[in-house]
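> Predicted model, plus sequence, below.
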Amino acid sequence: MLHKIVATKHEEILRINLASLPKREVPVYPFAKALKQSSLTIIAECKKGSPSGGVIRPDYSPVEIAKQYEISGASAISVLTDENYFFGSVSHLRDVSRAVKIPVIRKDFILHESQIEEAYANGASAILLIVRILEKSRLEELYLYAKKLGLGVLVETHNQTEVETSLSFGMDVIGINTRDLDTFQIHSGLVQEMADLIPKDLVRVAESGVHSYQDLIQYEGVVDSVLIGTYFMKQPNIASAYETLTKPNT
């Protein structure tokens, strides 16, 4: 599936017209700083569906969802922009970025500078770079390109080698995805194993697999932030779901 997604992405990149990109209308909100505001912050995700789960939220309204996230206390919002496999859109990124005043990250399979330009033009304050799908030199080039535009970067890893690659470039926000992108299976305990490899002065982010207060609280003191999507997307009331997830006995 991952190879299929990447192949499709290369085709999409050829269709990006930089000359037609909109003028950015919102400020760039500091991404790394936002994730260090408290002992355990949340990056809440707008995601209609996924290859493994299909359509998760049929009544998907990313702007309304994002507003509820912001009111509920999320430190940043992740927006899926992949159309073919995650039912997203760059327009969702643009609309959400205009609607909230916290950092919005473009979550996609980014392989080329034109995708970063597209993210910037449509209001993203940060982008996702996945170590698994990028050559080491390409990863560094895209990271530096995003930083040149003033954007934050969440660098996604899944094993020790990928963590070490990220650290070798001085990257400041490192995600540990418990979901294996080759199989889409969750590897429990992975965050605890990998987090010790990352210096505590950097921002460490746990990704995937949080569905309850107990899941969330296990990361207290282990990482700085947790990215959560599917749990919220399955709940009819976002605000209530946020409170249930973050407070015991509610």
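On my side now, so go ahead.
> any idea where the helices of the protein begin and end?
For the chain, applying DSSP state H gives helices covering 2-13, 31-34, 62-72, 90-99, 113-121, 136-148, 160-168, 190-195, 213-217, 230-233, 238-246.
> JSON lines please, covering the ones you listed and showing distance to Ile130.
Using the backbone N, CA and C atoms, a C-beta is placed for each residue, glycine as well. Listed next are those as JSON lines, based on distance: least, CB to CB, whole Å:
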{"stretch": "helix 2-13", "distance to Ile130": "9"}
{"stretch": "helix 31-34", "distance to Ile130": "17"}
{"stretch": "helix 62-72", "distance to Ile130": "21"}
{"stretch": "helix 90-99", "distance to Ile130": "17"}
{"stretch": "helix 113-121", "distance to Ile130": "12"}
{"stretch": "helix 136-148", "distance to Ile130": "9"}
{"stretch": "helix 160-168", "distance to Ile130": "9"}
{"stretch": "helix 190-195", "distance to Ile130": "15"}
{"stretch": "helix 213-217", "distance to Ile130": "23"}
{"stretch": "helix 230-233", "distance to Ile130": "18"}
{"stretch": "helix 238-246", "distance to Ile130": "25"}
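> Tell me which of these approaches Gly53 most closely.
helix 230-233 (6.8 Å; CB to CB).
> chain center to the closest one: distance?
On the basis of CA atoms, centre = their mean, to the nearest Å, helix 230-233 sits 14 Å off its chain's mean C-alpha point.
> so who does the nearest residue to Leu2 once chain neighbours are set aside touch?
Residue nearest to Leu2 in three dimensions, not counting chain neighbours: Leu181, with 4.8 Å by CB to CB, 6 or more residues apart in numbering. By CB atoms under 8 Å, 6 or more residues apart in numbering, the contact list for Leu181 reads Met1, Leu2, Ile130, Arg132, Ile133, His158.
> residues near the last one, how many?
His158 has 22 neighbouring residues, counting by other CB atoms under 10 Å.
> got the contact list for it?
Neighbours of His158 in contact, by CB under 8 Å, 6+ apart: Val131, Arg132, Ile176, Asn177, Asp180, Leu181, His187, Leu190.
> thinking again about what came up before, how close does the residue nearest to Leu2 get to Asp196?
22 Å (CB to CB, to the nearest Å).
> For the spatially closest residue to Val222 that is not a sequence neighbour, which residues are in contact?
Once flanking residues are discounted, Val222 sits nearest to Ala195: 5.0 Å by CB to CB, 6+ apart. For Ala195, the contacting residues are Ile176, Arg204, Ala206, Val222, Val223, by CB under 8 Å, 6+ apart.
> In CSV, list the residues you listed along with distance to His10 and pLDDT.
Formatted as CSV, those follow (distance: CB to CB, whole Å; pLDDT from 0 to 100):
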residue, distance to His10, pLDDT
Ile176, 26, 96
Arg204, 31, 97
Ala206, 30, 95
Val222, 36, 95
Val223, 32, 97
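> Those: which two are farthest apart?
So, the contacts of Ala195 by CB to CB: farthest apart are Ile176 and Val222, at 9.7 Å.
> and the residue nearest to Val222, what pLDDT?
pLDDT for Ala195: 95.
> how close does it get to Ala241?
Taking CB to CB, one finds Ala195 at 26 Å from Ala241.
> next one: Glu207
In terms of CB to CB, Glu207 sits 18 Å off from Ala241.
> what's the answer for Thr161, then?
35 Å.
> Show me which of these two is the more surrounded one.
Taking other CB under 10 Å, Thr161 and Ala241 do not tie; Ala241 has more neighbours (19 against 10).
> residues near the closest residue to that one other than its chain neighbours, how many?
Nearest residue to Ala241 in three dimensions, chain neighbours excluded: Gln235, at 3.5 Å (CB to CB, 6+ apart). Neighbourhood size, Gln235 [other CB under 10 Å]: 15.
> list the contacts for Val223?
Counting by CB under 8 Å, 6+ apart, Val223 makes contact with Leu40, Ile176, Val191, Ala195, Arg204, Val205, Ala206.
> That's all I had, so thanks and see you.
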